[in-house]
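Engineer: Provide a 3D model corresponding to the input given below.
(one chain, ligands or ions: 1)
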Amino acid sequence: MESILVLTHVDDSGASLAKTSLEAVTAGVDLAKRLGATLSIGVIGSNPTDVARASGTLAQIGARLLAVSGEIFAQARYSSDAAACEALCRAVQASIVVVPDCARFARVAAGVSFRLGGIIDTHISAIGGTEGVEVSRWFYRQRIEAVITRDTRPWFLLVDPGTHPAYESVLESADPTPANVEQVAVELPAQRTTVTGIRSPAQNGETIRPEAKLLFVAGAGWTKKQSDGQIHTSDAAQLILDFLRGSGASLGSSKSLVDQRSETHGVGENQQVLPFLTHLNQIGQTGATPRHRKGLSTCCYGEEPHVVGWRFISERRAISLDPNCGWARGKADVLYIADAFQVLAEMNGLLNRE
Ligand SMILES: Cc1cc2nc3c(=O)[nH]c(=O)nc-3n(C[C@H](O)[C@H](O)[C@H](O)COP(=O)(O)OP(=O)(O)OC[C@H]3O[C@@H](n4cnc5c(N)ncnc54)[C@H](O)[C@@H]3O)c2cc1C
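Structural biologist: Presented below is the predicted three-dimensional model:
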């Protein structure tokens, strides 16, 4: 019988599990039920009381709960996190290890798998199978879906964020019963890395928001000559930033638009660009394939290499002046043939009024 272990960690607040961890819990619970396998959940955190409280929401699952806690686990660090994960895997003799693909675990999962003589698959989007375990992942920029089975154990499955709903307790979430958690001792190697702090960009400067319900995509049309024969790049920048502020949307871009920035740095076309866009915003074949419930494309033609990045966006709308654009050919659910400058100004007015 498989012994399934889900690896989780406490979030920054210390009071609950990180969202990606709760998503992995859902995947592990579903798999254990289907296979009739034993399920264990390992929690990593700094304070044992916090870890027990965070684990309280898992008590009703009926899984074996284990924890590694201590001040040293407050911060992500390869040596301490890898040792903690290894100890949890050994404690339950795990044969399948479900791991959330978060920055903290993605860094150590392959190393832990190697230490245990196991094997790892990454970017798992679904876990299926009733007789055995079958996992799915996408290849070739999300064009080919593969279903993988393996005999090697332990098998580590790094599950992509957003592919499973976060596990929700039916217990009172405000005061979860502190769970009976087994503490697992970890033999730590000498620590060479000291975490002195975290530097991150200012919150209001971030345009990529993976948790947002809406993806707003800006295309190259925003910086092209408009009906008056002029370009209005600074108006475009203001409209887009106001919309992001008002709606909380995440900002994506077409390749043509982000390339303009590197062209001005490199070849020097002296073109006005949107200063807050980088290649990290690019959606498509050579860009990102984000997961948001809704998407709104503006001033973008909707060519295949761009739209391939919209694979996981369920509801799609586009605003374009071109009635023959790619979006019109079945790539959007709704296409507004309209001037995006006017539409966005109107929408920002409505958002400000709310
Ligand atoms: C190998 C390869 C990989 C690629 N990878 C990617 C990728 O990952 N991502 C990507 O995006 N592209 C990619 N491309 C490029 C892609 O094919 C397109 O060239 C690019 O997406 C076009 O960007 P765009 O639609 O913003 O610009 P354009 O094609 O210039 O379209 C601008 C649109 O804006 C509209 N418009 C202008 N003004 C307004 C207005 N006021 N209101 C409303 N609409 C307006 C115009 O009608 C036009 O339809 C790739 C290409 C190749 C060959």
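
Engineer: And the contacts of stretch 298-310?
Structural biologist: Around stretch 298-310, the neighbours that count as contacts under CB atoms under 8 Å, 6 or more residues apart in numbering are 141-143, 216-222, 224, 252, 254-255, 257, 282-290, 295, 316, 318-320, 322, 325-328, 331-332, 340, 343-344. C-beta: built from backbone N, CA, C; applies to glycine.

Engineer: Which members of those additionally contact the ligand?
Structural biologist: Filtering the contacts of stretch 298-310 for neighbours of the ligand using CB under 6 Å from any ligand atom leaves 219-221, 224, 254-255, 257, 282-287, 319-320, 322, 325, 340.

Engineer: Restricted to strands, list those.
Structural biologist: By the criterion of DSSP state E, membership of these in strands covers 319-320.

Engineer: Return a PyMOL selection command for the buried portion of the ones next to the ligand among the contacts of stretch 298-310.
Structural biologist: To isolate the buried members of these in PyMOL, using 16 or more other CB atoms under 10 Å:
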select buried, resi 219+220+221+254+255+257+282+283+284+285+287+319+320+325+340
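
Engineer: show me where the protein has strands.
Structural biologist: Listed in chain order, the strands of the chain (DSSP E) span 3-9, 38-45, 64-69, 96-100, 119-128, 134-139, 144-148, 155-159, 182-183, 214-218, 250-253, 294-298, 315-320, 334-337.

Engineer: Kindly reformat those strands as TSV containing distance to D30.
Structural biologist: What follows is the strands of the chain, written out as TSV (distance: least, CB to CB, whole Å):
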stretch	distance to D30
strand 3-9	10
strand 38-45	10
strand 64-69	17
strand 96-100	10
strand 119-128	7
strand 134-139	12
strand 144-148	16
strand 155-159	11
strand 182-183	23
strand 214-218	27
strand 250-253	28
strand 294-298	26
strand 315-320	25
strand 334-337	34
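
Engineer: Any chance of TSV for these, columns distance to P165 and mean pLDDT?
Structural biologist: As requested, those are arranged in TSV below (distance: least, CB to CB, whole Å; pLDDT from 0 to 100):
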stretch	distance to P165	mean pLDDT
strand 3-9	14	98
strand 38-45	16	97
strand 64-69	21	96
strand 96-100	13	98
strand 119-128	13	96
strand 134-139	17	94
strand 144-148	20	94
strand 155-159	12	98
strand 182-183	27	95
strand 214-218	19	98
strand 250-253	19	98
strand 294-298	17	98
strand 315-320	18	98
strand 334-337	26	98
